[in-house]
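Student: Prediction below, plus the sequence it came from.
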Amino acid sequence: MASFSLTPIEPLEVEIRGAGQHARVETVEEMIAFLTSEWPDKTKPGFHSALARSIDAMVMAAEPAAARAAFVDAAHATGMHIFPDDMAEIRNAS
């Protein structure tokens, strides 16, 4: 059986199915899985870029931080919050 190492990112929690429900993502591979199976709207801006950058990072052709940033941007375009990235914005809104 082949083994491979996962590509770590700065951990994040992405809001799913409304406020209060979150999925924790800690690796590029988990971002890919989330994008391909849980993403609410694959037609929104940034989805394909986030997926492509994540795949590039998985095969070491891009930095994991760039893939994470693309994921966050795509999540925002879909209306999802990312924690801890959006904590300051949420605190200011309340």
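Tutor: Thanks, I have it.

Student: Run the chain-centre distance for the longest strand along the chain.
Tutor: The longest strand of the chain (DSSP state E) is strand 8-15. For strand 8-15, the separation from the chain centroid amounts to 7 Å (computed by Cα atoms, centre = their mean, to the nearest Å).

Student: residues of the next helix or strand after that strand that come out buried?
Tutor: Next helix or strand after strand 8-15 toward the C-terminus (DSSP states H and E): strand 22-27. Using 16 or more other Cβ atoms under 10 Å as the burial criterion, the residues of strand 22-27 that qualify are 22, 25, 27. C-betas here are computed from N, CA, C, even on glycine.

Student: circling back to that earlier point, and the longest strand of the chain with strand 22-27, angle?
Tutor: Taking axes from the mean of the first three to the mean of the last three Cα atoms, to 10 degrees, one finds strand 8-15 and strand 22-27 inclined to each other by 170 degrees.

Student: what's strand 8-15 in contact with?
Tutor: 21-28, 31, 34, 64-65, 67-68, 71-72, 75, 80-85 (Cβ atoms under 8 Å, 6 or more residues apart in numbering).

Student: Residue 28 and residue 55: what is the separation?
Tutor: Distance from residue 28 to residue 55, counting by Cβ to Cβ, to the nearest Å: 8 Å.
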